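Chemist: Just the structure for this:
(2 chains)
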2 protein chains.
Amino acid sequence: MKKLLFFTILSMNIAFAGAQQSDSAVIKSFYNSALSSDTAYNNLEYLCTKIGGRLCGSPQAAAAVEWSKQLLKIMKLDTVYTQSVMVHHWVRGEKETASVASKVHGSMDVHICALGESIGTPADGLTAEIVEVNSLEQLKKLGKKQITGKIVFFNKVMNPTFVNTFEAYGDAYWTRGHGAVEAARYGAVGVVIRSLTLSNDYSVHTGIMRYDTAVTKIPAVAISTKDADMLSEWLKDDYELLFHFKTSCKMYPETESFNVIGEIKGSVHPDEIITIGGHLDAWELGQGAQDDGVGCMHTIEVMRLFKELKIVPQHTIRLVLFMDEECAQRGARKYAAVVKEKKEKQIAAIESDEGGFVPTGFTMDASADTVAMINKWKNLFLPYNIFNFSKGYSGVDVGFLRGQGIPLFGLETDSQRYFISHHGDTDTFDRVNKRELQLGCATIASLVYLIDKDGIK
Amino acid sequence: MKKLLFFTILSMNIAFAGAQQSDSAVIKSFYNSALSSDTAYNNLEYLCTKIGGRLCGSPQAAAAVEWSKQLLKIMKLDTVYTQSVMVHHWVRGEKETASVASKVHGSMDVHICALGESIGTPADGLTAEIVEVNSLEQLKKLGKKQITGKIVFFNKVMNPTFVNTFEAYGDAYWTRGHGAVEAARYGAVGVVIRSLTLSNDYSVHTGIMRYDTAVTKIPAVAISTKDADMLSEWLKDDYELLFHFKTSCKMYPETESFNVIGEIKGSVHPDEIITIGGHLDAWELGQGAQDDGVGCMHTIEVMRLFKELKIVPQHTIRLVLFMDEECAQRGARKYAAVVKEKKEKQIAAIESDEGGFVPTGFTMDASADTVAMINKWKNLFLPYNIFNFSKGYSGVDVGFLRGQGIPLFGLETDSQRYFISHHGDTDTFDRVNKRELQLGCATIASLVYLIDKDGIK
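Modeler: Numbers count the residues shown, from 1 in each chain, chains lettered A, B, ... in the order given. Next up is the predicted model:
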């Protein structure tokens, strides 16, 4: 009851104040409304717990497309439509199993998962000696003689001293992205990579891996960090221990899927567009909560906030829930191609794909002039602890708009807890904090409002 | 193994660089070392899970004193001693029970806990009609006629729109702190307050309440927010419903306890002191993790970092684990009295009692000149997302040094999740994130280093 009352008062304030409101008052109203509404959080719960993980090509991804399209229609956006794309269709199959057999230590089962788009093992699994390496130099030094016929175990620990944990991810990413190709060049029959997480636990973390058409494809899996540590310990005393794993993942023919798009039409410049979005697909080990259910909810909530507060934008605000960020970015490629083909005037594109934690600012893939201009708004954001407006990376999906002269923005959130969840069986709804999510929604809404009102020079 | 190797390299770097290191390099070394060490986190786990909640006067508080004293001795601090204080000794007794009986809705059990230092109910509990109010004005309006003989239900919802959740707490605090006195003035026989949390769940949140010697003492309890909402719903249809609760809490005679103190002696000015600390006591419903096990660990870790990195301070760094912050602040009063009596020269006092979340800065109870001076260091902290150095509140314990001309600092951390745990059965170790804790340690160490090196003008 308290909440309802509060809402009513809030709405009245907005209605009375009307167009005379200062920027700071409008921004305050975004935060007030976001922090008083469970809508984004409840929608996220539905997406995560009723639909769940939703890798492109899966029935869950199709369900997420259908559900989000209906949601935008219920919100009465001016236009709601989809954009068809053909996507990869990789299926994990049965739950993966793995074990270690040592003459010195005995045997133990370990927690693994197939890496995304990996081939599976033979039906009865793959068993071989395993050799630990932590760098490409080490791999090269061992050479074909010591690697042929073996499994390579990339046990690179994510460096905890990077304050921005995405840098630690970037530093270790090659093991997952390219480890299989590199190991296969030396005759390896499989690769096991240490899960890319800063947690020390039994969670497993998948993510896309790449093959090279010129190099033999070998099966690739991730192992939990605790198991990786134990395996490393055992290997110290027993170089001949056997690693066995079994995966039944498989790539199927490409299938159709969709970007889901909704717009609030601009009252003055309907043909000039501010794109906002996150990606709807997600790895299926978890529920796709932090990656990137929250990005979808952040940006859907921006639309709700504009409507709730009766703020009519001058430019069209276009929400895009991108399909297939995780595998081949077919949704983002398609969107960028259509923008180019139609010669659309896009004045900004804002992505949220760094988690639903406390927002800290925006990183901008934009000109120095634009960065300087945006920094003039900094004082409007400081009351909400939003302090960083720096040149940098925007996001994978809006990144495809690069080269079309569009200022690109990425919502930056606190990164300390991101790699607990990222691509893991741990990426679940219960790890999202409601207030942190709400603050992100209001932060994007505020930037959209300012860009819409003042433009970008 | 990776971690050990990393550590060795780190230590070597420090040793080689020696005294020539720039401030930014020293600060980086604090963050590197903190982010690479599990010490603070593991110590917190011990304090929380092996000793647990530790209200002043309790056996757990005594165990925490003993354990932390030993810990500081093992760390080989230059001096380790305790400071005796007499503290309140309130005991919760049996787990509290409560239920609602309505002719319209039936009956339900609800989750409650006694407020700190409340008297208990009669042995067979207290049963009465219950009347909901949300403000002192409402209470006054109802008056003695409608309140005498009844239980008053303060159902004030913490305002979610305060971005800094401590402001929402401050706004609703009166219900817990003074509700019983205010209700008793109008003849109430008991009070039930809505738990002071921003969560909507079945957790219960205690905390100190005060009586007035001129007003009849009545039993006071907190109810979970979900139960409060339901009770409020039921009351809409049934003003005559009966609320029953039973508590057996009791105040015992005062008992002896201790501040635990450890020092690294200054090499140049051993008689000039930088005090750092948190409070060792904690409400016993949970484990005293965020309030304030983390504050103890933040500041103990500062000592470890100085020793690990072989940084010898010019001034004495004194760690104080204050006893009895939660009830009567006897530890802080004693410490301030001794500082005054000995005419100690204290150049700064820094407290951590706002949780172990991502640090954002320091609030300073200090002169404008000091605030301006500290702000000159801001750029050294920005790489760690520490951006706020503003005039404000320091902390309850160091606050007793006010009036002695000592600049007082409070570590500010992100407040979004603090009131999930605060004083609740939810204040448990598993809600502390290791990296967030580590960042807080390095942040305080960095400030101590700069104050020690450059002084405070």
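Chemist: Quick check: the residue of the stretch 201-350 of chain A nearest chain B.
Modeler: Among the residues of the stretch 201-350 of chain A, A:Ser232 lies closest to chain B, at 6.3 Å counting by Cβ to the nearest Cβ. C-beta coordinates here come from the backbone N, C-alpha and C atoms, glycine included.
Chemist: ignore the last one, the stretch 151-300 of chain A
Modeler: Of all residues in the stretch 151-300 of chain A, A:Val157 sits closest to chain B, at 4.0 Å by Cβ to the nearest Cβ.
Chemist: what's the burial count for that residue?
Modeler: Here the number of neighbours of A:Val157 (other Cβ atoms under 10 Å in any protein chain shown) works out to 20.
Chemist: likewise A:Thr247?
Modeler: Using other Cβ under 10 Å, A:Thr247 has 27 neighbouring residues.
Chemist: Spit out the contact partners of it.
Modeler: Residues near A:Thr247 by Cβ atoms under 8 Å, 6 or more residues apart in numbering or on different chains: A:92-93, A:96, A:112, A:114, A:118, A:120-121, A:219, A:221.
Chemist: change it to 10 Å
Modeler: For A:Thr247, the contact set (Cβ atoms under 10 Å, 6 or more residues apart in numbering or on different chains) comprises A:92-98, A:112-115, A:118-122, A:125-126, A:190, A:219-221.
Chemist: what's the answer for A:Leu77, then?
Modeler: By Cβ under 10 Å, 6+ apart, the contact list for A:Leu77 reads A:71, A:261-265, A:300, A:303-304, A:306-307, A:317-319.
Chemist: Make a markdown table out of those residues and add neighbour count, pLDDT and secondary structure.
Modeler: Listed next are those as a markdown table, based on neighbours: other Cβ atoms under 10 Å in any protein chain shown; pLDDT from 0 to 100; DSSP: H, G, I helix; E, B strand; the rest coil:
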| residue | neighbour count | pLDDT | secondary structure |
| --- | --- | --- | --- |
| A:Leu71 | 20 | 98 | helix |
| A:Ile261 | 22 | 98 | strand |
| A:Gly262 | 25 | 98 | strand |
| A:Glu263 | 20 | 98 | strand |
| A:Ile264 | 24 | 98 | strand |
| A:Lys265 | 16 | 98 | coil |
| A:Ile300 | 28 | 98 | helix |
| A:Met303 | 22 | 98 | helix |
| A:Arg304 | 21 | 98 | helix |
| A:Phe306 | 20 | 98 | helix |
| A:Lys307 | 14 | 98 | helix |
| A:Ile317 | 27 | 98 | strand |
| A:Arg318 | 25 | 98 | strand |
| A:Leu319 | 25 | 99 | strand |
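Chemist: And stretch A:214-221, what's buried?
Modeler: A:218-221 (16 or more other Cβ atoms under 10 Å in any protein chain shown).
Chemist: Do a quick rundown of the helices in the stretch 251-400 of chain A.
Modeler: A:294-308, A:330-341, A:368-375, A:378-381 (DSSP state H, counting those that start in this stretch).
Chemist: right, so those helices: which one is the most enclosed?
Modeler: For those, the largest average neighbour count (mean count of other Cβ atoms under 10 Å in any protein chain shown) is found in helix A:294-308, namely a mean of 26.
Chemist: Tell me if that helix is near chain B.
Modeler: No: Helix A:294-308 does not reach chain B (Cβ under 10 Å from any Cβ of the partner chain); its nearest approach is 13.6 Å.
Chemist: Restricted to strands, list the buried residues of stretch A:214-221.
Modeler: If you go by DSSP state E, these have A:220-221 in strands.
Chemist: Contacting chain B as well, which ones from the buried residues of stretch A:214-221?
Modeler: Applying Cβ under 10 Å from any Cβ to those, one finds that nothing falls near chain B.
Chemist: domain parsing for chain A?
Modeler: Domain assignment for chain A by automatic domain parsing gives A:2-88+A:253-454, A:93-248.
Chemist: want to throw those domains into TSV with distance to B:Ile273?
Modeler: Output for the domains of chain A, formatted as TSV (distance: least, Cβ to Cβ, whole Å):
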stretch	distance to B:Ile273
domain A:2-88+A:253-454	32
domain A:93-248	30
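Chemist: What backbone torsions are found at the residue lying closest to A:Met251 once chain neighbours are set aside?
Modeler: Distances taken as Cβ to Cβ, 6 or more residues apart in numbering or on different chains put A:Trp90 closest to A:Met251, at 5.0 Å, once the chain neighbours are dropped. Note on A:Trp90: backbone dihedrals following degrees, to the nearest 10 are phi -100, psi 140.
Chemist: Number of residues surrounding A:Trp90?
Modeler: By the measure other Cβ under 10 Å, the count of residues near A:Trp90 is 23.
Chemist: swap in A:Thr97?
Modeler: When neighbours are counted by other Cβ under 10 Å, A:Thr97 registers 14.
Chemist: For chain B, see how far away A:Gly405 is.
Modeler: 30 Å (Cβ to the nearest Cβ, to the nearest Å).
Chemist: and that residue, that's in a strand?
Modeler: No: under DSSP: H, G, I helix; E, B strand; the rest coil, A:Gly405 sits outside any strand and is assigned coil.
Chemist: Just grab the bridge partners of the spatially closest residue to A:Glu132 that is not a sequence neighbour for me.
Modeler: Nearest-residue entry for A:Glu132: A:Phe153, 4.6 Å, with adjacent residues in sequence omitted and distances by Cβ to Cβ, 6+ apart. Taking DSSP bridges as the rule, A:Phe153 bridges to A:Glu132, A:Val192.
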